[in-house]
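Engineer: Fold the following for me, if possible:
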Amino acid sequence: MKKYFAIFITTYTILLLYMMFYGSGREASEIGYIQIKPFHTIHLFFSGNHISSKDFIINIIGNIFLFSPFGWLGLTLKKFNHILPITLFFIVAITAIEITQYYSGRGVADIDDVLLNTLGMAIGFVLFKYVKWINLGNIKLHLDLVEEKYKLQKAS
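Structural biologist: Residues are numbered from 1 along each chain as shown. Purely as a prediction, here's the structure:
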């Protein structure tokens, strides 16, 4: 499973980076735009009627949903099995991407993207921990049943 996830997340990251810098008809401009006021863009999406539902889905839902697989990095790197290391790493990585968007003129460097992407990763992390917990519970139940069956057979 680790190997397959490593291949998946590497491919997914490359495709996501491509979309962030070149997708949706993005062209380089001479001057990048930076938005450093937290929750400013998010507030615009929830308060204004001038923003289409398509833009809302792409910006808010997309920024959360698309980054949830990164919460599963604990499958490949043991240190990312804890929320603090994975969150710090993720914030640094996303901030670097936002800064690169600013300097390359491909996209907007927006603090809200960092917040939404990190929220998505955190949701993915919680799901990863939940699935891991459920799976361990099922394995333990299975082992208990096998052990009980073995005891019954041995007693006969």
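
Engineer: Tell me how far residue 97 lies from residue 52.
Structural biologist: The gap separating residue 97 from residue 52 is 25 Å, by CB to CB, to the nearest Å. The C-beta positions use only the backbone N, C-alpha and C, and glycine is treated the same way.

Engineer: between these two, which one's more packed in?
Structural biologist: Legend: neighbour count by other CB atoms under 10 Å for residue 97 and residue 52, higher for residue 97 (19 against 9).

Engineer: what comes up buried for stretch 95-103?
Structural biologist: Under the neighbour-count criterion of 16 or more other CB atoms under 10 Å, stretch 95-103 has 95, 97-98, 100-102 buried.

Engineer: Tell me, please, where in the chain the pLDDT is lower than the cut-off.
Structural biologist: The model of the chain has pLDDT under 70 over residues 25-26, 30-31, 48-51, 137-156.

Engineer: Strands along the chain, start to end?
Structural biologist: For the chain, strands defined by DSSP state E occupy the ranges 33-35, 108-110.

Engineer: is it possible to export these to CSV including mean neighbour count?
Structural biologist: As requested, the strands of the chain are exported to CSV (neighbours: other CB atoms under 10 Å):
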stretch, mean neighbour count
strand 33-35, 14
strand 108-110, 19
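
Engineer: Tell me which of those lies nearest to residue 10.
Structural biologist: Proximity to residue 10 (CB to CB) singles out strand 108-110 among those, at 24.6 Å.

Engineer: same for that closest one, what does it pack against?
Structural biologist: When contacts are defined as 3 or more CB pairs under 8 Å, 6 or more residues apart in numbering; DSSP states H and E, strand 108-110 packs onto strand 33-35, helix 83-104.

Engineer: Save these as CSV, and put in distance to residue 44 too.
Structural biologist: Shown next, in CSV, are the helices and strands packed on strand 108-110 (distance: least, CB to CB, whole Å):
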stretch, distance to residue 44
strand 33-35, 10
helix 83-104, 17
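
Engineer: What ranges does this protein have for its helices?
Structural biologist: Secondary structure of the chain (DSSP state H): helices at 2-21, 40-47, 53-56, 62-65, 83-104, 111-155.

Engineer: Show me which of the ones you listed has the highest average neighbour count.
Structural biologist: Burial of the helices of the chain is given as mean neighbour count (mean count of other CB atoms under 10 Å); helix 62-65 ranks first at a mean of 18.
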